[in-house]
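Student: The sequence isn't on hand, but the structure is:
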């Protein structure tokens, strides 16, 4: 496509709009994410001599036919909603304006980053809601779709309020607290659970979390209690604060009650209970609804792969070329033409407007901002700064979101409406295309 | 955990076994995958001075406490089933034997690679089956969970028999044919579909595929037919072989019949019909079951994210330490002890045996092979060679698989059985653990 555009001299300015076509089932809102990583990749985009040789080889074409691609990089503008923003179906998350071949070439990169990261962030946010103020931590790396997805899951958890991650690399890269864990294999490598717990405490002078379900959970909790009491006896009653036991299997509602009883009876009311093992927002909600005395939720697989909605139905659509608004008519996938802006209004009564329209008369805050101009980032200096800003934005946006959108089961998502000007333009462009096609069917 | 092992002098040889606990719903077999990439990462594994500083910082510990980790790399043995092998639930896919701290440290890496790649390869294989000999191509990069997942999806598609991928980077890296595509935006950037098709053909002298559903599908097919006839008129009747139209929306069964009729009526019976848009094995099966004259299936999102089973329930379990077989007893997650071998027997009547057991008296082919010895690969010299070998293995294994396991709906998976020796060892170890725990409850 890019070669063809270049050959035809079609290097005029094009605007593409990236948005989610529909809210996935059981979602009342989306958390915009993946934009910062995507912009980083856009900034690095280059077609150099080596890439050209590879492309020519793959396409079985002489390099001379593709020479026009050489040196291509992304020199366009990107308007986008800041990461961490709570957004709705149909709202543009990213709009790219660049010479047509460039804007087309970055399509896959942008969709790849924004689609799955928005999906995962939106699910992570629901886990935080379900936990009702209790800490949620990320244990997903072992099952994410590759290492980069694991790094992103850790980052997206932090964006939406997770307390920590077990992914050490991501913790270091993004300035997120790291949390350790103990495997069943660790316990099994010792002659008994108590030996394992004592050894762990010898290696780790601070707060320890003992995994108690390797053999028999109640016996494991009792063993953990005995070791914790020994440690306080030896090290002083103020030692070993913030310790915990972790339950990773079985009926967590029942076992957490039993564990709490054993710990309290041992005089360890401060020892917390961590639950893990296939948890997601539905399981957390059910456990707390049943009164389970769980203090910390470790979520992994189901959030890291966004198990109940593993893809987000996103599109990257041409909406204007050389000043001419453009749209697609085909069945059920019609797209609205023109560069856009979204105005956030109280209660998430959002209005999708044309970019150059004034703010609605009764108010609204524009969501899309210039993030890249002429191929250069406008935005923050470090990935940690960006993550921190995204977390603050998410927190603020969540406060304003209607309660019914935050429900775990059957949430009701606010619906954005098109401005009068956008509605009129959509109608006019559709009419114009149909007239042109009728007048010149075989143009 | 690794620090604790080192502190306690627990550097004896440990064996861990990686396997899928259960067959996902609607799967009759699994295709082992992710092993080659995992072995590559294992070979590169190092804890250097920089990593040590990062870890110490994250754990809020002085570096001196962690010095024992410095210089750690993977020096163990790995036995595994070769990639592309058709495998069953419970069968070890990878077994690691290494000093305990090393074997523990690589857990997450191995699970991360093998779990999702096996899931995606298994789904890709089902698409190939559903297509009944018609080519299937990979279009998944835009929705996979990150760029590396996209690269793997292209590779796993090729492993299970896909004809091509739209991921140019993966095509180049793995020696897979690249396939181009045309976006709706390309068509929209021109004044009409015919202008777009003509321009595409000018840039591309060979086989072209025209996307025909931007406005009205039947009109789009007719436009494609006119342009193809023009091209043959201008370039000769032998020009433009293997051209196609692509349908990406609407009722593909109905539209493909209409498209075929239009193309045949235009004297273009050789022009193929490519279908795309949310396809997976179920959709392909339904389309062909309805007699849709579709020649090529492009699958993307649903296969790339393994939409109906986005995670595989894998485990990496300690099965032996210092020659002592080890197992976990906790609820519903009991694991069998000891290093293992799997014997493939006719009809997939597989036997899971102890590694040092002889082959069953009535025959069987051992599936696990040494892939890494003392931290060094035994295996193939190039990633392309490895992929080609995996594809051949998959093809051979598939031929021998019972038909009921290959069904798209409600397949019946063969079930592996444990050898008598493994059953006895499992029983003995369980008994031994229970006796030890009973004799010394507070050991």
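Tutor: Nice, thanks for sending it over. Please read these numbers as outputs of a predicted model, since none were measured by experiment. Numbering: from 1, shown residues only, chains lettered A, B, ... in the order given.
Student: Report how many residues lie close to the spatially closest residue to residue A:384 that is not a sequence neighbour.
Tutor: The spatially closest residue to residue A:384, leaving aside those adjacent along the chain, is residue A:175, at 4.1 Å (C-beta to C-beta, 6 or more residues apart in numbering or on different chains). No exception for glycine: its C-beta is placed from N, CA and C like everyone else's. Neighbour count for residue A:175, taken as other C-beta atoms under 10 Å in any protein chain shown: 14.
Student: ok now do residue A:175, which residues does it touch?
Tutor: A:384, A:387-388 (C-beta atoms under 8 Å, 6 or more residues apart in numbering or on different chains).
Student: Top of those residues by number of neighbours, please.
Tutor: The most crowded member of the contacts of residue A:175, judged by other C-beta under 10 Å, is residue A:387 (22 neighbours).
Student: Any figure for the gap between it and chain B?
Tutor: Residue A:387 is 16 Å from chain B, where distance means C-beta to the nearest C-beta, to the nearest Å.
Student: which residues touch that residue?
Tutor: With C-beta under 8 Å, 6+ apart, residue A:387 has these contacts: A:36, A:155, A:158-159, A:174-176.
Student: Show me those that map onto helices.
Tutor: Using DSSP state H, the subset of these located in helices is A:36, A:155, A:158-159, A:174.
Student: Determine which two of these are furthest apart.
Tutor: Spanning the widest gap among those are A:36 and A:158, at 12.7 Å by C-beta to C-beta.
Student: re the thing from before, quick one: which of the contacts of residue A:175 is nearest to residue A:247?
Tutor: For residue A:247, the nearest member of the contacts of residue A:175 is residue A:387. The distance, counting by C-beta to C-beta, is 30.3 Å.
Student: In a helix, the closest one, correct?
Tutor: Yes. Counting by DSSP: H, G, I helix; E, B strand; the rest coil, residue A:387 is found in a helix.
Student: And the next helix or strand past the helix or strand hosting residue A:121?
Tutor: Counting by DSSP states H and E, the element that carries residue A:121 is helix A:107-130. Counting by DSSP H and E, the next helix or strand C-terminal to helix A:107-130 is strand A:136-138.
Student: From the contact counts, what lies against that following strand?
Tutor: Where contact means 3 or more C-beta pairs under 8 Å, 6 or more residues apart in numbering or on different chains; DSSP states H and E, strand A:136-138 is packed against helix A:107-130, helix A:147-159, strand A:164-165, strand A:296-299.
Student: what kind of secondary structure is residue A:17 in?
Tutor: Judged by three-state DSSP, the three-state class of residue A:17 is strand.
Student: mind listing what it touches?
Tutor: If you count contacts by C-beta under 8 Å, 6+ apart, residue A:17 has them with A:92, A:94-95, A:316-317, A:319, A:335, A:339-340.
Student: from the residues you listed, which is closest to chain B?
Tutor: Using C-beta to the nearest C-beta, residue A:317 is the member of these that lies nearest chain B, at 6.5 Å.
Student: Helix A:107-130 and the helix or strand containing the closest one, what's the angle between them?
Tutor: Assigned by DSSP H and E, residue A:317 belongs to strand A:314-321. Here strand A:314-321 runs at an angle of 130 degrees relative to helix A:107-130 (axes from the mean of the first three to the mean of the last three C-alpha atoms, to 10 degrees).
Student: Around chain B, which positions in the stretch 151-300 of chain A sit nearby?
Tutor: Residues of the stretch 151-300 of chain A lying close to chain B by C-beta under 8 Å from any C-beta of the partner chain are A:152, A:168, A:171-172, A:178, A:180, A:182-186, A:188-189, A:191-192, A:194-195, A:199-200, A:202-204, A:206, A:213-217, A:219, A:223, A:226, A:248-250.
Student: Look up how far chain B lies from the residue most central in space within chain A.
Tutor: Compute the mean C-alpha point of chain A, and by C-alpha atoms, centre = their mean the closest residue is residue A:121, 2.7 Å away. Using C-beta to the nearest C-beta, residue A:121 is found at 13 Å from chain B.
Student: Pull the contacting residues for that residue.
Tutor: By C-beta under 8 Å, 6+ apart, the contact list for residue A:121 reads A:30-33, A:84, A:156, A:159-160.
Student: If we only consider those, which is nearest to chain B?
Tutor: Of all the contacts of residue A:121, chain B sits closest to residue A:156, with 11.2 Å by C-beta to the nearest C-beta.
Student: That closest one contacts residue A:33, correct?
Tutor: Yes. Between residue A:156 and residue A:33 there is a contact at 5.6 Å, judged by C-beta atoms under 8 Å.
Student: so does the helix or strand that comes right after the strand holding residue A:317 get close to chain B?
Tutor: Next helix or strand after strand A:314-321 toward the C-terminus (DSSP H and E): strand A:324-325. No. Taking C-beta under 8 Å from any C-beta as the criterion, strand A:324-325 and chain B are apart, separated by no less than 9.5 Å.
Student: now the stretch 101-250 of chain A, which segments are flagged as low pLDDT?
Tutor: Of all residues in the stretch 101-250 of chain A, none has pLDDT under 70.
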